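**Q** Sequence plus the predicted model coming up.
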Amino acid sequence: MLRIENTGKSQMKSRNRVRVFREILNHEGISRKQLEKRLGLSAPSVTRVVEELLREGLICEEGTEQTHMGRRPVMLCVKKNAYYSVGMNLSRSRLYYCIRNLGGEPVHSGEIRLLGKTKGDQLLSLMEHAVQDCLETAGIEKKHLLAIGIASRGTVNEGKGSVIYSPDSGEEIHVKEYMGARYDCEILVENNVIADLKGQYLDLSGTNRNLVYLYISDGVGGSIICNGQVIDGENSMAGKFAHILVESGGRRCACGKRGHLESYVSKPAMEEAYFEASGKRLELPEICRLAGEGEEAAAAVLKDAIDKLAIGINQILLVVNPGTLVLYGDLFESVDGILERLKQKTKELAFTEEIADNCWMVRETKNVRIEDSIARLSVERALEIIV
């Protein structure tokens, strides 16, 4: 297993071992000489580690590097199926899961409907079932599992590896402790919005290093990056955009207070508002389509949501002042011209129009697979690659 020892020479040797393995993983087809230069290690150190990794079947020698003179060095590659990682995304209504090999190739995936299962013991049992399904379906032994990543809605304490999934019950679910007792591998627990942001946006070339991600689906979530670092805040409460006050004494939020952003712009909130206005139960994309056709009830619901969202975004921009605002959710893909409408409304609310003059991006739903992101991040954590 690729582990960092705690003390002395063993710590240095194991750290070099992980560094070499990580470098081979990130640069498919790399020579021993290149490893020496990239990592600043001596030739004997690289040789020793490489020989260990070869003996254990974690890497292999493949092909040669093209040179104009001299001996062609042997290239080193990671054996993609030496280890695997499992990723899970615990949303409001489903548990999505997948297993990937070290090459990032999908091996198996699935989903489980929660159907009101929100208690800690129920959710933990489903997570364990998801891991077992991945291992059994793919025919993989537990010893080849390098990492498990769990992304969850709600409040996550990454240090403890615990989740408060339901704000109503306030139950703290000790995910890392439970899974760690069953699987001898790295266990990473992260908020699902932050996991998606880390997995997809931190390394985008050309993206401003100050970035806000606003996620609107069954609920509302968000994350903040400042100077390339994710801002978690005290008790991991930064980026809880769902509870921005947008109307004093307004609709009741899931947290029990009134007038919060989530109670106006989440999918359930907009669908309920339309039902109250029209007596018809429709999904959000259909409501947006009817609004575009001029249907009065749908148009009113959409206008109210956009107005409240602009109030929330204005507060975010004033406090954080990011260079890039990333928006994700059905609302942003179902309404033509919504970015222009939001920008204009935000400019009207702000003390200066410059507040809204930054980069606004819509993240398409088809590109969002949080279970894949957390699976990759869990491998990086296992190899001590800090995002």
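**A** Nice, I can see it. From a predicted model like this one, the values you see are computed outputs, not experimental measurements.
**Q** so where do the strands sit in the stretch 251-387 of the chain?
**A** In the stretch 251-387 of the chain, the strands defined using DSSP state E, counting those that start in this stretch lie at 324-328, 359-363.
**Q** winner for burial among the ones you listed?
**A** With neighbours defined as mean count of other Cβ atoms under 10 Å, these peak in mean count at strand 324-328, which reaches a mean of 23. C-beta coordinates here come from the backbone N, C-alpha and C atoms, glycine included.
**Q** now for it, which elements pack on it?
**A** helix 192-201, strand 211-216, helix 296-320, strand 359-363 (3 or more Cβ pairs under 8 Å, 6 or more residues apart in numbering; DSSP states H and E).
**Q** So what's the gap between the shortest one and the chain middle?
**A** What that stands for is strand 359-363. 17 Å (Cα atoms, centre = their mean, to the nearest Å).
**Q** quick one: low-confidence ranges for this protein?
**A** 1-12, 63-72, 200-209, 385-387 (pLDDT under 70).
**Q** hmm, 80 instead?
**A** 1-15, 26-28, 62-73, 197-209, 227-230, 232, 234-236, 365-367, 384-387 (pLDDT under 80).
**Q** For it, which segments are assigned as helices?
**A** For the chain, the helices defined by DSSP state H occupy 8-26, 32-39, 43-55, 120-138, 175-180, 192-201, 262-265, 267-278, 284-292, 296-320, 330-334, 338-349, 370-382.
**Q** any chance of those helices in JSON lines, plus distance to Cys359 and mean neighbour count?
**A** JSON lines is the format used below for these (distance: least, Cβ to Cβ, whole Å; neighbours: other Cβ atoms under 10 Å):
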{"stretch": "helix 8-26", "distance to Cys359": "28", "mean neighbour count": "17"}
{"stretch": "helix 32-39", "distance to Cys359": "33", "mean neighbour count": "16"}
{"stretch": "helix 43-55", "distance to Cys359": "42", "mean neighbour count": "16"}
{"stretch": "helix 120-138", "distance to Cys359": "36", "mean neighbour count": "17"}
{"stretch": "helix 175-180", "distance to Cys359": "35", "mean neighbour count": "20"}
{"stretch": "helix 192-201", "distance to Cys359": "12", "mean neighbour count": "25"}
{"stretch": "helix 262-265", "distance to Cys359": "21", "mean neighbour count": "25"}
{"stretch": "helix 267-278", "distance to Cys359": "26", "mean neighbour count": "18"}
{"stretch": "helix 284-292", "distance to Cys359": "24", "mean neighbour count": "20"}
{"stretch": "helix 296-320", "distance to Cys359": "12", "mean neighbour count": "20"}
{"stretch": "helix 330-334", "distance to Cys359": "15", "mean neighbour count": "19"}
{"stretch": "helix 338-349", "distance to Cys359": "11", "mean neighbour count": "17"}
{"stretch": "helix 370-382", "distance to Cys359": "21", "mean neighbour count": "25"}
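**Q** got those as TSV, with distance to Tyr83 columns?
**A** Output for those, formatted as TSV (distance: least, Cβ to Cβ, whole Å):
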stretch	distance to Tyr83
helix 8-26	10
helix 32-39	20
helix 43-55	12
helix 120-138	12
helix 175-180	17
helix 192-201	19
helix 262-265	39
helix 267-278	37
helix 284-292	40
helix 296-320	38
helix 330-334	36
helix 338-349	41
helix 370-382	8
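**Q** measure Ala82 to Leu282 for me?
**A** 49 Å (Cβ to Cβ, to the nearest Å).
**Q** re earlier: for Cys288, which of the helices and strands packed on strand 324-328 is the nearest?
**A** With Cβ to Cβ, the closest approach to Cys288 among those belongs to helix 296-320: 6.3 Å.
**Q** show me what contacts Gly222?
**A** Val193, Val212, Tyr213, Leu214, Tyr215, Gly239, Lys240, Phe241, Ala242, Ile316 (Cβ atoms under 8 Å, 6 or more residues apart in numbering).
**Q** Please spell out which residues along stretch 157-167 are buried.
**A** For stretch 157-167, the neighbour count (16 or more other Cβ atoms under 10 Å) marks Asn157, Glu158, Gly161, Ser162, Val163, Ile164, Tyr165, Ser166 as buried.
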